[in-house]
Each structure stands twice: as structure tokens, then as C-alpha cells.
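Participant: Quick check, what structure comes out for this input:
(chains A and B)
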Amino acid sequence: MIQTENLQKAYRTDEVETIALAGVDLSIEDGEFVSVMGPSGCGKSTLLNLLGLLDTPTAGIYQFDRENVSGLSERQRAKRRKGAIGFVFQSFNLIDELTVYENVELPLLYLGTDRKTSKQKVEAALDRVKMTHRRGHFPQQLSGGQQQRVAVARAVVADPKLILADEPTGNLDSTNGTQVMNLLRDLNEAGTTIVMVTHSPADAEYSARTIHLFDGKVVSENFIAQEYAAHTA
Amino acid sequence: MLRNYVTIALRNLRRRMGYTAINVLGLALGLAGCILIGLWVEDELSYDDFHPNADRTYRVLNAFDMPELQATIPFTPPALQPTLTANYPQVEAAVRVNTREGVVQQGPQRGVESNVLVADDGFFDVFSFPLVRGAAALDRPGTVLLTPALAAKYFPGADPVGQTLQYDGNAWEVTGIVEAPPTNTHLDYAMILSLASFDVDASNWGQNNWTTYVTLQPGTPAGAFTASLDEIAREHFLEGLTDGGVVPDDMDVDEEGLPQRLHLQPITGIHLGMGSPDLAAGSSAGSLTYVLLFSGLALFVLLLAVINFMNLSTARATERANEVGVRKAMGAGRSQLAGQFLGESVILTAGALAVALGICALALPAFNELAGKSIAARALVSGGHLLAYAGLIAVVGVLSGIYPALVLSRFAPTETLRGTASSSRGSGRLRKGLVVTQFAISIALIAGTGVVSQQVAYLQSAGLGFEDENVIVVDRVRTIAGPMQSVADYRAFQDRLATLKQEVEQQTGVVEATSGFSLPGTIFINSMWPLDRPEAEPQNFDYTFVGYDYVETLDLNLAAGRDFSRDVARDTAAVLLNETGAREFGLSPEEAVGESVMRGDTPLQIIGVVEDFHYASLREAIGPVILLHEALRAPQYLAVRTEPGQTADVLDGLRATWSNFSDLPIAYSFLADDLAAQYRTEARLEQLFTTFAGLAILIACLGLLGLAAYTAQQRTKEIGIRKALGATVMGIVGLLSKDFLKLVGIAFVVAVPVAYWAMQQWLQGFAYRIELGVGTFLLAGGLALTVALLTVSYQALRAARIDPATTLRNE
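Facilitator: Below you'll find the predicted structure:
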């Protein structure tokens, strides 16, 4: 699913160059659940942005679904992203002006899905996160946990191969956090590949593998062998 | 997808009501101003285009190109129309008309009617004024068509068709009722007499007293007809000019061009004086310059509103950055996002247009008053206009939305989702540039308003060389006697007039009375006058005919000699000059007195020279003037000078006296009002300028109000920290206001030279004008600065008074 070789990202301003990623080699198989951990500023979010095709690497190779996508233009990246990658953010990033239903529907609109199919998929996604009864509400009318469940529904509605989650429980209390993690685990068990950035060792335990980043490099990988074996079997 | 865009647009606008209100209101004001001016311009451009043959109908102009006469007039000889109809197959129809004034009587109803049109039989082939009832019989002598208003006036409650009325002592049969001319035609009439009733010499090429209109056959371009017109000019004008000695016999017209030619002016261009650059000034009622000027004003005002929209949208771009990020993460392309934001601005513009139409409907009566129009409110929603509105929405919506759309759709999702995006420094600079533009336009308009109103005030109060206050002018004095067909008739009229003057002068409150063919502000005749000396070169003079006491009644000053005297019999063959007139002959006032000017073969002795006075508007320089005695031509006006404050009493007496001399109602006005009316165009310009300068500054301030609010909001934390560290409220207000006021300052520097140049150009059109000082411009800048300061400091004060604990906690 994901293959990177010496992936680098540097940010330049007029005077300084900041290295965010200093050569990451990574391989993630279909159906894996991988956590990325590390201190603030180690490059976790940058890695996630590159994997999510929201940004382009300064150097190195990124193969997504057996295609080299390192040098794609914005338009091409938007096209690959559509339907293939779902995002879950720490701050939910729901659009305030849209209802729960409309927020979840958004990726399907950009995919050009017809209305009937779209309705079925949205209802199914909302049902999956148990938010059907709130479909007409606006984000401000929901609790943080409910908002994040909507965000998860939005991430899965187009049946993406990959879900990227950036500290999905960071803004949630433990009860809501657990609910969201359970949702992600269920998705993974149903076959979706998940890459999750987290600060929480407890959340990381939901994944089969944890990658530790430090100063823009991978410093160690912990396998939860049993789970890993189960998934790759 | 579209549904999603519309939904989010409406919800967005509703959620930020303050922002929406400022944006919609500003845009609505701009659009309303634009629509109103658009209606005015449309009306100005629509003159005479309602005739089905308008595109091939022309007025024939008569152009003189001779050393002593360079002029183009809309009057042609009576022989032209029969020649055109008989000999030129390219002419589908041709018609002669002229306008006169006369006494109409029908039973007990009697009145003076101006706008009495005399027209050829072909009138309704060329013009499409509809007949309401009856038929036109303009080919028959003694027939007349009435407008409904005149029909009701002279035949109250009766059907006039088939009946007769008296005009100038003759009986006329009413054969039909013709609709009154619409407001957008250059041709005015209250009734139409058949030209067949008059003894018009169809072979006369020497007099220019008819206006000729032609409709060419379809497919005949006006240019192709020029050769035919030149042929007519060569055949009929040239001989007369050489015979009269006006041009030399051996003149080579192929080399030098024809000294007198005929041109075609499209009838749709008559109102604005288009299609004939040489036509004498003042001969067209409209002004292309003002049409262009006001179109420019409309666009400026709209531009200000568009700028507001751009500014407010980019200022709050950061608020929507997150949405952009999310949509991009979901797979939205840049063009999709740009389309979405453009769509929003189009929706907002549509809303603003609806509000604008409401404003227009409310403002239309006042606007009509201001612009001298009678545009109906239903014109606002006519079919063609709805289409234009759709275009306006699209253009303004895209224009105002394009920049914000580009800025917003450019945001990188990686930044917006992290919350670090801000509208770039570039857009901040652009915003400042736009604010400068807005205020530069506002300041220029305010300064323009100041200059125009100063000039109008100057025109109305300038020393005229005579005293225009407390003078009552009675028009149509000729109607105190019957038709003048012999010398005896004229003598009788003069005696009657002398008696009338005597009786008027005996009233208390009357200082002096006089009569004249022209008064200041009315038409003086123009011709060449030589001195009574061998080999004297004739000079071009304006002249008129005046009665006794003209000098005293108008309070003119004598520079030399004396006024006409009843005690000197030969004074009826004497003249007065003005100082410029004496100078034109190369004489001082004292030298001029005793000399004579030649009128044909008759010498007229110069008995006095008056100091120069403004007998025409202050647009024109004072020319040389000859005042002849009214014994040579019947006067048109009686002028009565009253004691100050006695006008009302004198008017009562005047009415009573008049009724003993005429059974027509008295027609009077006040000289000062008549003179002021000469500057109606300028006064109107002043009012329109004032209105639009006000609108401009209002829109600019609305924008500033919004921007200041956003700036204050963005700097909430900074304000809190500064206050926590001991900054005063006034200090904060100063901090927030300073940046904006700097922009107004830059706008001032940009606006002044441009406005100064433009107003200097406008003033060039006046022979007598104010000196342009810096005062007006400083005042305009000061005014803009004050208004901007009040606007910004209101927002700044609100922000500065918030408890720092609140702002810091919020962060």
C-alpha cells in the first residue's frame, strides 16, 4: 500500500531551512494498523501530510498503491486523494455551515456519486458511527466525541483504502476517545489500512505496529507480533 | 454539488449577519446608483429612436464656411424639401417644419400657445407620433391637429374633431387628435398646423427658416447621399452667394470647398448634439459630455462597492481557511473551490441587486427631480432591463468575487488544517491599495462638488454689469395689439405700448419700465456691421432693439454719451454701443459717440456707449453689442424695475393694468430667475455631484467600518496584552486608527492632482470662472479624513474598551 524511500521534507523561509523529515524509509502493507509516535516537532504530521498527498516531498520516493506519486501536481494529487484516502483530524475539521449529513456527504460530492447511492452510503456511514439520529444537526450542536464520530463517518463514507488519523483522540475525554478508537479498530478489522499519529501509548496499543520518529527520522519500530501475524496471515 | 454551494453560501451569509449587511448594503448602494444613472443615460440615448425609420431619418443641417461666417444651423431654405422629394429617388420622404407662437381662440377660451408646429404633408411618413382620433389632413390648407391637452383646453367636454378654432385671427379645422410627444424626442408640439395653409415660396433658396427632415430609402447610406446634397448646394447656394458678393465670382470651389453645404444629422443624435461637431453650442438640449461624465460616475460608485466586497472577503479569508483545507482533503480541486466562492459572490450580488431595486424605486421621484426626467418606476423591471440585471449580477459578482476566490482556493490544506494559514501579506497590501483607491475617488468627488458649487455660486452672483434683482419681465407684449400688417398697425401698437408703460410707471413701487426685443439672457441677433466711413471693414456684432429707459431700468452704466431720449426725434435712428463694441471699431467710448454705423444704406448715429454687461451667460465672453431703437423692430418684452420689497404689490397692479390692454393672461417672470435658469445644467451637475460624492464616501466608509471591525477582531489579543501592560483606551484607539488614516492621507495625495486637473478642464468651458485654490482640496481631504476617523475610531473604541481579562481568556 505504502512504500517510501529516503522521504525528505524541508521547509524554507527567506533565511532558514527547517528539516521536517530527514529521509524516512517506510513500508506499510494493505490492512495494517500503524501508529506513528514521537515528541512534538519530530515530523509526525509532516509524514502524515505526505502520505495523505496533501503535500509533496522535497526529495525521495513515495509509492502509493504501487504508483510513484512523489512528483505529482496539486491537481493530480487531488484526483488520487479523492475516494482513496480518508482523513480524521484532532480538531475534527467539520464544516460549521453544513449539517452532519452534508458533512459526511462531502467526499461523495467531489467523487460525483449519484444521489441515490450517495444517500445509501451516507446513511450506512452514519449508522456505523451511530450518529443517524443527529443527521440534521450542525457541528456546534454536537459534543466533541460526537463530532469526531461524524468525522470518522466522513472518512469512511467513500470506502477509502487508507485512513489517516492525526491524533484522533487528542481533543476528547477518555470515554469518547475509547469509542473513537474502537471505531478505528472495527474499520481496520474490516480491511481498511489505518495510519494514526498519536501521543497516547494507550491508543497506540490498538495498532499492530508503532513507528517512533525523532528529528525527522524513524528511530525504532515495535511490533505487536501476535496481532501482526494475525493480520498478515 | 451546486445545492451544496448554495446551501453553504446562504448559511455563511446568515451566520455573519453584520458582514453580510455591510457587504449587501454597500453593494446595493453602488448598484442603485449605477442603475439610476443607467436609466438616465438610457433615456438620454433613446431620444427619437422610437420612430420605425429612425435609423434612416436625418435632419438636414446648413453649414457655412466663409471667412466672415463659420456656422452650422438646423435651418434650411423652403425650396429644399420640394427639390429633395421631386428629384432624388433615394429620398423616401422629406418634410419641412417650424415652430411658432400665436393666439388661439375658441369661444370664450383664449390663450397664447407656443410650440405650434407647422408641418408638411409628409410629417407622419417621417415621424411616427400616433393619431388618437380623426385623421391628419396636412395636405389641406386650414387644418390643424391638437394634442389631447389642447383639445381639453379649448373644447372642454366636447369632441373637437370636425370643429374649428381661431389661430392668429384665422379659422382652422381640427381634423384629428395627435398624441403629445413623448419626453424623449427633440421635437416638441402642442398643435400641428398644415404647412399648405401658408404661402411658402417653393423656389426660395435665400431664406433659412425651415427645418427639413428626410427619410432615405432603405439601403441608402447617409454618406452616399452627400454627393447629391453637394450637387444641390452647388446649384442653388453658390450662385446666390456670388451674386450677393459674399464670395468672389472666381472662387474655385473644387479647391477651396463649398462655402455653404448641407449635411445629414441622424435624428437619434440631435438631442445630444451628435453627428455634427460644428453645430452651434446650446442648440442641443442634452450633453454628450454629461452622459459620459455620469456614466463614469456610475462606474466609480460601483467600483467602490466592488472594492468593499473584495476587501471584506479577503479580510475574513482566514475564517474560511479551515473549510478550504477540509474540502481539499476530501478531494476538491482548486477550480471547484474557486467556483464555489465565485458562486457565493454572485448570490450575494443578486441579493444586493434586489435591495438596490428597492432603493431605486424609493429614490426614483427624487432622482427624477434631480435629473429633470420623468422615468417611471415600472421601467426598473421591464424585460430588457431584467436581462441587463442578469448581466450586471454576473459581471459584478465575478468581478468582486474573483480575487477572494483565487486567494481562498490557493490555501494549502496542510496549513489551514493546522490553523496557521493567514491571508498572505500580498492580499493585505492589495487591501490597502483598494482602500486608497476608494478614498482617492471619494476625495476627488468631494473636491469636484466643491469646485462646481463655487462656480455655480459665482455664476449666480457675479457682477453682471447691470442689476438683475427686482426686475419683473412681461413676455409677449406684442399681443396687446392685433396682427401688425401695415405701418399704421405698427404705429398703433407703439402708441398702445407707450400708454401701457406710462400706466405701469404711475403705480407705486415701480421705479422704471422699458421694453425691448431682447433682455439679458435672451437671444441677441448676430450680424456684420461697418462704421460709416469709406472702406470701413464690417465687424461682427450682437445686436437687438430696445425702448426708452432701457439703460436706466436695467441699471446699465453709460461710459460716454447718453441714452435714447423721447425729446430727440432722430433718436429712433440712433444706436448705443457697448465698450467692447467701440473697441471693436478701434475707438474709445468718447471717440465712438458721434460716429455712425451703417444698416444697409442707412447711417445710424452712435449717441452713447454703455459699460460692458453680461447679456449672455457667463460661459461666453462679452462680445461687441449694438442697441438699436425699437422703432425698427417690435419689442417682445416689457421690463419693470420695482422698489425692493414691492414686487408682490407691483405684480397685482401690473395684472390689473395688463388686463386693460390684453384679454390674454399676463405671462411674467423675474429677470434674476431667468438668468439663474441659464445655469440649470450646472446647478443640476452640482446636485448630482453632491449626491454621488455623498454616496461614494458612504460606501467607502461602510467598507472601512467592516475592515476596521475585522482588524480590531484580529488584534484582540494584542489589544488585551497592551491594556494589561497599561495602555490607555485612547492609546489603543490611536494605534488602530493610525494605519487607516495613513491610507486616507495617501489617497489625498493621489486624488488632488487628478481632481485639480479635471476641474481645471471643466472650468475652461466658462469665459468667467473662479480661480482654483488649494482650499477646496484641503477641505475635501479634511472631510474625508474626519469621516474616516469617526468610522474607524468607533470600531477601535469598541475594541479598546473590552476588558483585557476577557480577550486574553478567549485566546
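
Participant: In terms of secondary structure, what does the top helix by length along chain A contact?
Facilitator: The longest helix of chain A (DSSP state H) is helix A:174-189. Applying 3 or more C-beta pairs under 8 Å, 6 or more residues apart in numbering or on different chains; DSSP states H and E, we find helix A:174-189 packed against strand A:33-37, helix A:144-156, strand A:162-166, strand A:193-197. C-beta here means a position set from N, CA and C on the backbone, and glycine is covered the same way.

Participant: ok, now which ones touch B:Val749?
Facilitator: Neighbour list for B:Val749: empty [criterion: C-beta atoms under 8 Å, 6 or more residues apart in numbering or on different chains].

Participant: now it, what's its secondary structure?
Facilitator: Put simply, B:Val749 is helix when judged by DSSP: H, G, I helix; E, B strand; the rest coil.

Participant: Would you map the strands across chain A?
Facilitator: For chain A, strands defined by DSSP state E occupy the ranges A:2-12, A:17-28, A:33-37, A:59-64, A:67-68, A:85-88, A:162-166, A:193-197, A:209-214, A:217-223.

Participant: Mind checking those for the one nearest to A:Pro139?
Facilitator: Among those, the nearest to A:Pro139 by C-beta to C-beta is strand A:85-88 (14.5 Å).

Participant: Quickly run through the sheet partners of the closest one, with directions.
Facilitator: Next to strand A:85-88 in the sheet, as set by DSSP bridges, lie strand A:162-166 (parallel).

Participant: Specify the angle between the strand it pairs with and strand A:33-37 in degrees.
Facilitator: Using axes from the mean of the first three to the mean of the last three C-alpha atoms, to 10 degrees, the inter-axis angle of strand A:162-166 relative to strand A:33-37 is 30 degrees.

Participant: just to revisit the earlier point, JSON lines please, covering the strands of chain A and showing distance to B:Gly594.
Facilitator: Output for these, formatted as JSON lines (distance: least, C-beta to C-beta, whole Å):
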{"stretch": "strand A:2-12", "distance to B:Gly594": "98"}
{"stretch": "strand A:17-28", "distance to B:Gly594": "101"}
{"stretch": "strand A:33-37", "distance to B:Gly594": "116"}
{"stretch": "strand A:59-64", "distance to B:Gly594": "108"}
{"stretch": "strand A:67-68", "distance to B:Gly594": "111"}
{"stretch": "strand A:85-88", "distance to B:Gly594": "107"}
{"stretch": "strand A:162-166", "distance to B:Gly594": "109"}
{"stretch": "strand A:193-197", "distance to B:Gly594": "113"}
{"stretch": "strand A:209-214", "distance to B:Gly594": "116"}
{"stretch": "strand A:217-223", "distance to B:Gly594": "117"}
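
Participant: Give me the residue at the spatial middle of chain A.
Facilitator: Here the mean C-alpha position of chain A is nearest to the C-alpha of A:Leu164 (C-alpha atoms, centre = their mean), at a distance of 1.0 Å.

Participant: Run a quick neighbour tally on residue 189.
Facilitator: No chain specified, so I'll use chain A. Residues lying near A:Glu189 (other C-beta atoms under 10 Å in any protein chain shown) number 12.

Participant: my question was about chain B
Facilitator: So B:Tyr189, with other C-beta under 10 Å, has 24 neighbours.

Participant: any idea how far it is from B:Pro182?
Facilitator: The gap separating B:Tyr189 from B:Pro182 is 12 Å, by C-beta to C-beta, to the nearest Å.

Participant: that older thread, which one of the strands of chain A lies nearest to B:Phe692?
Facilitator: Short answer: strand A:2-12, nearest of the strands of chain A by C-beta to C-beta, at 49.9 Å.

Participant: got the residues of chain A near chain B?
Facilitator: Contact residues, chain A versus chain B (C-beta under 8 Å from any C-beta of the partner chain): A:45, A:49, A:52, A:54-55, A:74-75, A:78-79, A:81-83, A:87, A:89, A:91, A:93-98, A:102, A:105-107, A:109-111, A:154.

Participant: Can you flag the buried ones in those residues?
Facilitator: Among these, those classed as buried by neighbour count (16 or more other C-beta atoms under 10 Å in any protein chain shown) are A:45, A:49, A:52, A:54-55, A:74, A:78, A:81-83, A:87, A:89, A:91, A:93-98, A:102, A:105-107, A:109-111, A:154.

Participant: so what's the residue nearest to the centre of chain A bridging to?
Facilitator: Counting by DSSP bridges, the residues bridging with A:Leu164 are A:Phe87, A:Val195.

Participant: Contact partners for residue 90?
Facilitator: All of this is about chain A. Counting by C-beta under 8 Å, 6+ apart, A:Gln90 touches A:Asp166, A:Glu167, A:Pro168, A:Gly170, A:Asn171.

Participant: think we crossed wires, I meant chain B
Facilitator: By C-beta under 8 Å, 6+ apart, the residues touching B:Gln90 are B:Leu216, B:Gln217, B:Thr220, B:Ala224, B:Phe225, B:Ser228.

Participant: And the residue of chain B that's closest to chain A?
Facilitator: Going by C-beta to the nearest C-beta, chain A is nearest to B:Gly331 of chain B, at 3.1 Å.

Participant: secondary structure class for that residue?
Facilitator: Per three-state DSSP, B:Gly331 ends up coil.

Participant: Could you report the pLDDT at the residue nearest to it when sequence neighbours are not counted?
Facilitator: Spatial nearest neighbour of B:Gly331, chain neighbours left out: A:Lys82 (3.1 Å); criterion: C-beta to C-beta, 6 or more residues apart in numbering or on different chains. A:Lys82 is assigned a predicted lDDT (pLDDT) of 82.

Participant: what are the phi and psi values for B:Leu556?
Facilitator: Dihedral pair for B:Leu556: phi -80, psi 160, per degrees, to the nearest 10.

Participant: longest strand of chain B?
Facilitator: strand B:91-106.

Participant: Could you list every helix and strand in contact with it?
Facilitator: Against strand B:91-106 (3+ C-beta pairs under 8 Å, 6+ apart) you get helix B:80-87, strand B:109-119, helix B:123-126, helix B:148-154, strand B:164-167, strand B:211-216.

Participant: List the buried residues of it.
Facilitator: Neighbour counts using 16+ other C-beta under 10 Å place B:Val91, B:Glu92, B:Ala93, B:Ala94, B:Val95, B:Arg96, B:Val97, B:Gly102, B:Val103, B:Val104, B:Gln105, B:Gln106 of strand B:91-106 among the buried residues.
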